[in-house]
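K.L.:
Show me the folded form of this:
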Amino acid sequence: MTQQKINVTELKQYLNNRSQEELISEISELFKIFPSVKDYYQIKLYPQESKEIAARYKKIIEEEFFPSRGLGKARLSVAKKAISDYKKLCRTEVELIDIMLFFVEQGVKFTDAYGDIDERFYLSMEGIYEQVVVLIAKSKLSAEFQQRCQKIVENTSEIGWGFHDTLSEIYEEAF
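P.N.:
Numbering: from 1, shown residues only. All right, here's what the predicted structure looks like:
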């Protein structure tokens with residue numbers, strides 16, 4: 001038996017049939033259970049604290065590559081999930097671009113620290129780099145981020161698997 005999935009219309013109907021007290025109770029419960037809901041309201045109510053929220057998501061990425069104790073696991077799925085979760089919360093492209101570039105910078109730094117990784121790792125880095133460069137161009141933010149993108153390419157000059165060449169091509173096409 002297939003479970004029926006709720007859509008936005010059904011959700012709105014459900015919410016319209018709730019009292020204000022019931023809605024407050026439900027939102028409060030979501031706030032307690034899901035950290036992303038808490039982050040959403042933190043940014044909504046206190047937009048000036050968005051940098052603090054971004055720092056927490058960057059910390060998740062950094063811990064995957066350079067934990068405070070032990071060796072980095074470089075679980076790309078965890079680091080990419082941090083980007084995906086943050087994307088749902090951030091208010092501007094500048095904030096999203098910053099965290100995406102941070103991901104690639106950490107990956108390059110990880111390779112420099114531990115030596116060559118596998119092809120899957122580099123393909124993932126290249127994919128995020130390409131996405132962020134396209135977003136930079138689309139958002140007309142080249143002046144703000146071009147140097148950082150160039151630095152990433154420069155820092156890969158000694159890395160194998162065609163990683164440097166691919167990032168160079170992406171960079172040259174965009175800038």
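
K.L.:
switch to C-alpha atoms for all contacts and neighbour counts from now on
P.N.:
Fine.

K.L.:
Could you list every helix and strand in contact with the longest helix along the chain?
P.N.:
Scanning the chain for the helix with the most residues, using DSSP state H, yields helix 93-114. With contacts defined as 3 or more Cα pairs under 8 Å, 6 or more residues apart in numbering; DSSP states H and E, the packing partners of helix 93-114 are helix 50-65, helix 76-89, helix 119-138, helix 142-154.

K.L.:
gap between residue 43 and residue 78?
P.N.:
To residue 78, residue 43 is 22 Å away according to Cα to Cα, to the nearest Å.

K.L.:
which one of these two has more residues nearby?
P.N.:
When residue 43 and residue 78 are compared on other Cα atoms under 10 Å, the one with more neighbours turns out to be residue 43, at 19 against 15.

K.L.:
Run through the residues that contact the more buried one.
P.N.:
Neighbouring residues of residue 43 by Cα atoms under 8 Å, 6 or more residues apart in numbering: 49, 50, 53, 89.

K.L.:
Now restrict those residues to buried residues only.
P.N.:
Buried residues within the contacts of residue 43, defined by neighbour count using 16 or more other Cα atoms under 10 Å: 50, 53, 89.

K.L.:
So which residue is dead centre in the chain?
P.N.:
When the chain is reduced to its mean C-alpha position, the nearest residue by Cα atoms, centre = their mean turns out to be residue 83, at 1.5 Å.

K.L.:
Can you give me every residue that contacts it?
P.N.:
Residues touching residue 83, when contacts are defined by Cα under 8 Å, 6+ apart, comprise 57, 96, 99, 100.

K.L.:
closest to residue 126 among the residues you listed?
P.N.:
Nearest to residue 126, judged by Cα to Cα, of those is residue 100 at 11.4 Å.

K.L.:
still on that earlier bit, how about TSV for the contacts of residue 43, with distance to residue 22 and pLDDT added?
P.N.:
Formatted as TSV, the entries for those read as follows, by distance: Cα to Cα, whole Å; pLDDT from 0 to 100:
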residue	distance to residue 22	pLDDT
49	29	88
50	29	90
53	28	94
89	25	92
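
K.L.:
Export the helices and strands packed on helix 93-114 as a markdown table, with columns for distance to residue 161.
P.N.:
A markdown table is the format used below for the helices and strands packed on helix 93-114 (distance: least, Cα to Cα, whole Å):
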| stretch | distance to residue 161 |
| --- | --- |
| helix 50-65 | 19 |
| helix 76-89 | 18 |
| helix 119-138 | 7 |
| helix 142-154 | 14 |
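
K.L.:
so which of those gets nearest residue 110?
P.N.:
Relative to residue 110, the nearest member of these by Cα to Cα is helix 50-65, separated by 6.1 Å.

K.L.:
Helix 76-89 and the closest one, what's the angle between them?
P.N.:
Note on geometry: by axes from the mean of the first three to the mean of the last three Cα atoms, to 10 degrees, helix 50-65 and helix 76-89 are set 170 degrees apart in direction.

K.L.:
Understood, closing this out.
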